[in-house]
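Colleague: show me the folded form of this:
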Amino acid sequence: MTAHGSGPVIVTDRLVVRRFTPSDGPDLHAYLSDPAIYAFEPGEPIDAEAAARVARERTEGADFWALASRASGRMVGHLYFAQAEPTSWRTWDLGFSVHPAHQHQGYATEGAAALLRHAFAVMGVHRVVAHCNPDNRASWRVLERVGLRREGLLRRNACFRRGPDGSEAWTDTFVYAMLEEEVVARLGRGLRDGAP
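Modeller: Residues are numbered from 1 along each chain as shown. Below you'll find the predicted structure:
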């Protein structure tokens, strides 16, 4: 891991996991304008102006990390990593989104694993949680590959869309988590020493 003016930078085999910059607007627009990205998430496709605004907002906060290709420098997606309340519980929420053109290539797994190593080794994290639609097999498989375990199923707890007749389209949610004491076994023995 290295650092620069806008925060830490985590380098993996294929990715640079870093804070957002205002210049990320066009790359963000390339996938946040695609309806496919919202299949299991709230929201609607956005235009270039909105994407530029979102990139600026993410630059000012600490909850989003860009996943940039080392080869091209272009973003292939992003990670969401936000501390939950109360902060004394040292719990963070994990999420991710990858450009449809770059899905199924292991980028979410590679980026999330690197960020988790950093979080547990450097940020003093006690617990990481993630939520996922059971129908979103690709996402929950990523969560399992990076070492989170399924803790439960919330029944009909989320509603992001309405049906053709206007009725609420409720969905279930898997809950995943990882604890600090599980990290060495799941993410590598060098983790406690701050190894990437």
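Colleague: so the residue of the chain most remote from its centre, which of the three states?
Modeller: Farthest-out residue of the chain from its mean C-alpha position, per Cα atoms, centre = their mean: D165, at 32.8 Å. What DSSP: H, G, I helix; E, B strand; the rest coil gives for D165 is coil.
Colleague: what's near enough to touch it?
Modeller: Applying Cβ atoms under 8 Å, 6 or more residues apart in numbering to D165 gives no contacts. (Glycine included, C-beta is placed from N, CA and C.)
Colleague: roughly how far does R141 sit from E181?
Modeller: Separation of R141 from E181 (Cβ to Cβ, to the nearest Å) stands at 24 Å.
Colleague: more neighbours: which of those two?
Modeller: More crowded of R141 and E181, by other Cβ atoms under 10 Å: R141, with 13 against 10.
Colleague: checking the more buried one next. Helix, strand or coil?
Modeller: Per three-state DSSP, R141 ends up helix.
Colleague: again with the one 10 residues further on
Modeller: Three states are possible here, and by three-state DSSP the one that applies to E151 is strand.
Colleague: make 56 the starting number, not 1.
Modeller: With 56 as the first residue, the last one maps to E206.
Colleague: wait, what's in contact with it?
Modeller: Applying Cβ under 8 Å, 6+ apart, the residues contacting E206 are V230, Y231, A232.
Colleague: same check, this time on G166
Modeller: With contact taken as Cβ under 8 Å, 6+ apart, G166 is in contact with T67, L70, V72, W120, L122, G132, L134, F151.
Colleague: ok, and the closest non-adjacent residue to it?
Modeller: Spatial nearest neighbour of G166, chain neighbours left out: L122 (4.5 Å); criterion: Cβ to Cβ, 6 or more residues apart in numbering.
Colleague: same deal with G179?
Modeller: Using Cβ to Cβ, 6+ apart and skipping residues adjacent in sequence, the residue nearest G179 is R145, 6.1 Å away.
Colleague: for the one you found, grab the count of nearby residues.
Modeller: With other Cβ under 10 Å as criterion, R145 counts 15.
Colleague: what's the answer for T226, then?
Modeller: Look at T226: counted by other Cβ under 10 Å, it has 17 neighbours.
Colleague: and if you look at the one 3 residues further on?
Modeller: Counted with other Cβ under 10 Å, residues neighbouring F229 total 20.
Colleague: likewise W195?
Modeller: Neighbours of W195 (other Cβ under 10 Å): 19.
Colleague: returning to that earlier point: which helices and strands does the helix or strand containing the residue nearest to G166 pack with?
Modeller: Using DSSP states H and E, L122 maps to strand 119-124. Judged by 3 or more Cβ pairs under 8 Å, 6 or more residues apart in numbering; DSSP states H and E, strand 119-124 is in contact with strand 70-74, strand 130-138, helix 162-177.
Colleague: which parts of the last one are buried?
Modeller: Right, helix 162-177. By 16 or more other Cβ atoms under 10 Å, the buried positions in helix 162-177 come out as 162-176.
Colleague: which single one of those is nearest to G98?
Modeller: Distances from G98 to these, taken as Cβ to Cβ, are shortest for A163 (18.0 Å).
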